[in-house]
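> I would like to see how this sequence folds:
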Amino acid sequence: MKSLSWLLMLPFVLIGAMAVKRGAELTKPGFIRIPPEIQEGVSFHGEIIIVKEKSDIRFLSSKCTHLGCQINSIENNKLTCPCHGSSFSLNGNNIKGPADSALAILDFSIDEGNGEYVVKLG
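Residues are numbered from 1 along each chain as shown. Okay, here's the model as predicted:
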């Protein structure tokens, strides 16, 4: 009788394991591909901010470290959050609160096949 119960439960255990695995795949950090022709200065691309100064290029999270609002503007050479006015340097360092920490610097690689920047989110 116990072995019969186990056999009846087996499909549910397998379905549960597959759901857990699928959930883990959905929570993996994503990537954004950026064409290799990046203009000088600051540009905004949804979840990322691109800062290019001559040969130096940085990818910053556009998520404000205060409450997560999306930063999408620059004023007086500072990245400014539209929600509560926090500001950040072009290196991502916090200048003015209420945010009290720097923007995340995002890792990236270059796709050797087409020269695109592959930016890792999160």
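> How about residue 79, nearest residue that isn't a chain neighbour?
Closest residue to residue 79 apart from its sequence neighbours, by C-beta to C-beta, 6 or more residues apart in numbering: residue 88 at 4.4 Å. Bear in mind the C-beta positions are built from the backbone N, C-alpha and C, glycine included.
> and that neighbour, what does it touch?
Contacts for residue 88 (C-beta atoms under 8 Å, 6 or more residues apart in numbering) come out as 60, 71, 78-80, 94-95, 99, 102-103.
> For those residues, pick the one with the most neighbours.
Highest neighbour count within the contacts of residue 88: residue 79, with 26 neighbours (other C-beta atoms under 10 Å).
> and it, helix, strand or coil?
Classification of residue 79 using DSSP: H, G, I helix; E, B strand; the rest coil returns strand.
> contacting residues around it?
Residue 79 makes contacts with 42, 49, 60, 71, 73, 87-90, 92, 103, as judged by C-beta under 8 Å, 6+ apart.
> that's a helix at residue 42, yeah?
No: with three-state DSSP as the criterion, residue 42 is strand rather than part of a helix.
> Look up which residues are beta-bridged to it.
Taking DSSP bridges as the rule, residue 42 bridges to residue 51.
> where are the low-confidence patches of this protein?
Along the chain, segments meeting pLDDT under 70 span 1-29.
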